[in-house]
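Visitor: Sequence unavailable; structure follows:
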């Protein structure tokens, strides 16, 4: 009772999995490097928790980053980091598995290892320490954490985690050291063990080579994916937290991958190819999960919900199921050019919440550069459709600092937002009409690995501030509210996102200086990170603002997502010429993902 939210640390939630730790051979601590409320809202964590616990020989327990108040007590009382299910110290587990969802959680990874009583550097942990494994979106560039993590798993956990654990079980029975086990799994698709690779640098600080130092370490690590989602068993129960989390709802995963090819979007490229779940399977999941949880909302999750081929069948079926039970249906990630008015009116018949759309750029030229595939006419038509259905609150997301951007493009954001307001009042008496609210959120573009923009330089903090001021001065209408993402935070995010192995020293130094929960804007301290990079002889600008040559060896070059470098370079050229590439259903652009030979999508071999 001496901490703000004790419910973060006690477990015992509805549907928590209980096993006897003495009856299993493998204990796996699933570690989410953020606060409980965030981690418990993450779909991937829920799926892997059930997936791993389906094994009779394995007990997967959860551990989250303690908030500041709890950390203070833990360090004062010498309490090691513990798992929620049993309260046992995670230091005594076989595995600690981190999911890396956001670059700015890296300081929490270091802090959690230290709180567990473990050495931060992998080279300093002995055979008696757990194996530290990490996966998730940020693992696609594993190098900034390469000196900290024992093994990275690149791709989707359901594909090959079972094989890793099977081999560990046999290894544990037969005895042997950690290094021998890590060497024994190098042939498994998606496995990258950083200690089995040496790194060298050029005189200008760029990466010269990343070379295997053991015979069976592959030169390139291919991501692991589930080739048919229909064959994947989904949990029929879901943890129900005892305290309020970011999202308390049933989540249905429509599909993985994306057909769109927005050139700024890392997720759209690394999750290719598209694979869908059938409406029948999702309806069955919805019914079972509603009964098991009592949640009052179902959310449909994907990178672009409108692109799900079974959208009409599923959504209408869910409306029919949910309405009598007063269960709300949430439809995020809708494209403004595919706004389903009739469905949305059914879904939000009682109370119309705000709608969110992402034009991303204010001018047609910039939308073509980023391959957004939206015209101004389509944007305004979609928003007018929403207005005609009774919506009065609209949220719009934009990015600034995109490659090739001019001040005219920046001013286009203000012009487009004002046209949205004008569209609402068309045909209305302005004095009698109920007021419209247009909330505009502007973030600074951060180039990410495995996108056509991975070679581009990030705008400086000063340039982003100038562009923010430009937009603010151009917006005249009082119905528009404007907010910005923290450009200082984006600057550090960019340095970590495209960092090499040396950046790990800066991450550890930032943690030593007090960095915690850097993804929370009110906890983030830029000066700590500036000092950390300086202390280890690096600059953030080398990693975030520098334009890379197309012949430069990139820190993530040894990771193979299936999308070819040749394709990304071709898309970069198309961006420079503002040429739009059709989406995957309009025509295959030969990205390389078709080699996966999957079922349930546009790439079928």
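Guide: Right, received. Where do you want to start? Being a predicted model, the structure only gives us computed values, none of them experimental.

Visitor: from here on, contacts and neighbour counts on C-alpha atoms
Guide: Will do.

Visitor: now the helices for the stretch 51-200 of the chain?
Guide: In the stretch 51-200 of the chain, the helices defined using DSSP state H, counting those that start in this stretch lie at 68-77, 106-115, 157-174, 178-184.

Visitor: right, and those - which one's nearest residue 548?
Guide: Proximity to residue 548, assessed across the helices of the stretch 51-200 of the chain by Cα to Cα, is greatest for helix 106-115 (24.0 Å).

Visitor: by contact count, what packs against the closest one?
Guide: The elements that helix 106-115 packs onto, with contact taken as 3 or more Cα pairs under 8 Å, 6 or more residues apart in numbering; DSSP states H and E, are helix 503-512.

Visitor: Contacts for the helix it packs on, please.
Guide: With contacts defined as Cα atoms under 8 Å, 6 or more residues apart in numbering, helix 503-512 is touched by 106-107, 110-111, 143-148, 496, 528-529, 531-533, 535-536, 538.

Visitor: Now do it against helix 106-115: the angle between them, please.
Guide: On the basis of axes from the mean of the first three to the mean of the last three Cα atoms, to 10 degrees, helix 503-512 is oriented at 70 degrees to helix 106-115.

Visitor: next helix or strand past helix 503-512?
Guide: From helix 503-512 onward toward the C-terminus, using DSSP states H and E, the following helix or strand is helix 526-535.

Visitor: out of the helices of the stretch 51-200 of the chain, nearest to residue 302?
Guide: For residue 302, the closest of these is helix 157-174, at 17.3 Å, according to Cα to Cα.

Visitor: got the buried residues for that closest one?
Guide: When burial is assessed from 16 or more other Cα atoms under 10 Å, helix 157-174 yields the following buried residues: 157-161, 164-165, 168-169, 171-172.

Visitor: got the helices of the stretch 51-200 of the chain as JSON lines, with distance to residue 348 and mean pLDDT columns?
Guide: Written out in JSON lines, the entries for those read as follows (distance: least, Cα to Cα, whole Å; pLDDT from 0 to 100):
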{"stretch": "helix 68-77", "distance to residue 348": "39", "mean pLDDT": "97"}
{"stretch": "helix 106-115", "distance to residue 348": "38", "mean pLDDT": "98"}
{"stretch": "helix 157-174", "distance to residue 348": "35", "mean pLDDT": "96"}
{"stretch": "helix 178-184", "distance to residue 348": "52", "mean pLDDT": "97"}
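
Visitor: Dump these to JSON lines, plus distance to residue 402.
Guide: Listed next are those as JSON lines, based on distance: least, Cα to Cα, whole Å:
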{"stretch": "helix 68-77", "distance to residue 402": "36"}
{"stretch": "helix 106-115", "distance to residue 402": "25"}
{"stretch": "helix 157-174", "distance to residue 402": "33"}
{"stretch": "helix 178-184", "distance to residue 402": "41"}
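
Visitor: how does the protein divide into domains?
Guide: Structural domains assigned to the chain are 6-222, 249-333+562-605, 350-485, following automatic domain parsing.

Visitor: Format the ones you listed as JSON lines; extra columns: distance to residue 235.
Guide: Shown next, in JSON lines, are these (distance: least, Cα to Cα, whole Å):
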{"stretch": "domain 6-222", "distance to residue 235": "6"}
{"stretch": "domain 249-333+562-605", "distance to residue 235": "8"}
{"stretch": "domain 350-485", "distance to residue 235": "30"}
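
Visitor: and residue 469, how many neighbours does it have?
Guide: 11 (other Cα atoms under 10 Å).

Visitor: and it, what element?
Guide: Element membership of residue 469 [criterion: DSSP H and E] is helix 461-474.

Visitor: I'd like the average pLDDT over whichever strand or helix holds residue 384.
Guide: Secondary structure from DSSP H and E places residue 384 in helix 376-388. Along helix 376-388, the predicted confidence averages to a pLDDT of 93.

Visitor: Name the next helix or strand following it along the chain.
Guide: Taking DSSP H and E, what comes next after helix 376-388 is strand 393-400.

Visitor: what does that following strand contact?
Guide: Strand 393-400 is touched from outside by 353-362, 410, 413, 436-445, 464, 467, with contacts defined as Cα under 8 Å, 6+ apart.

Visitor: what separates residue 594 from residue 227, distance-wise?
Guide: Separation of residue 594 from residue 227 (Cα to Cα, to the nearest Å) stands at 11 Å.

Visitor: Also residue 442?
Guide: Remark: distance between residue 442 and residue 227 (Cα to Cα) = 36 Å.

Visitor: cool, and residue 234?
Guide: Taken as Cα to Cα, the spacing of residue 234 relative to residue 227 amounts to 15 Å.

Visitor: same check, this time on residue 401
Guide: Distance, residue 401 to residue 227, by Cα to Cα: 36 Å.

Visitor: show me the contacts for the nearest residue to residue 383 once chain neighbours are set aside.
Guide: Nearest non-adjacent residue to residue 383, counting by Cα to Cα, 6 or more residues apart in numbering: residue 336, 6.9 Å away. For residue 336, the contacting residues are 357-358, 378-379, 382-383, taking Cα under 8 Å, 6+ apart as the criterion.

Visitor: What about these, which one has the most neighbours?
Guide: For the contacts of residue 336, neighbours were counted using other Cα under 10 Å, and residue 383 has the most, 23 neighbours in all.

Visitor: From what I see, that residue and residue 420 are in contact.
Guide: Yes: with contact taken as Cα atoms under 8 Å, residue 383 and residue 420 are classed as touching, separated by 7.3 Å.

Visitor: moving C-terminal of the helix or strand of the chain with the lowest mean pLDDT, what's the next helix or strand?
Guide: Taking mean pLDDT, DSSP states H and E as the measure, the helices and strands of the chain show their lowest mean at helix 341-347, namely a mean of 80. Scanning forward in sequence from helix 341-347, with DSSP H and E defining helices and strands, the next element found is strand 355-360.
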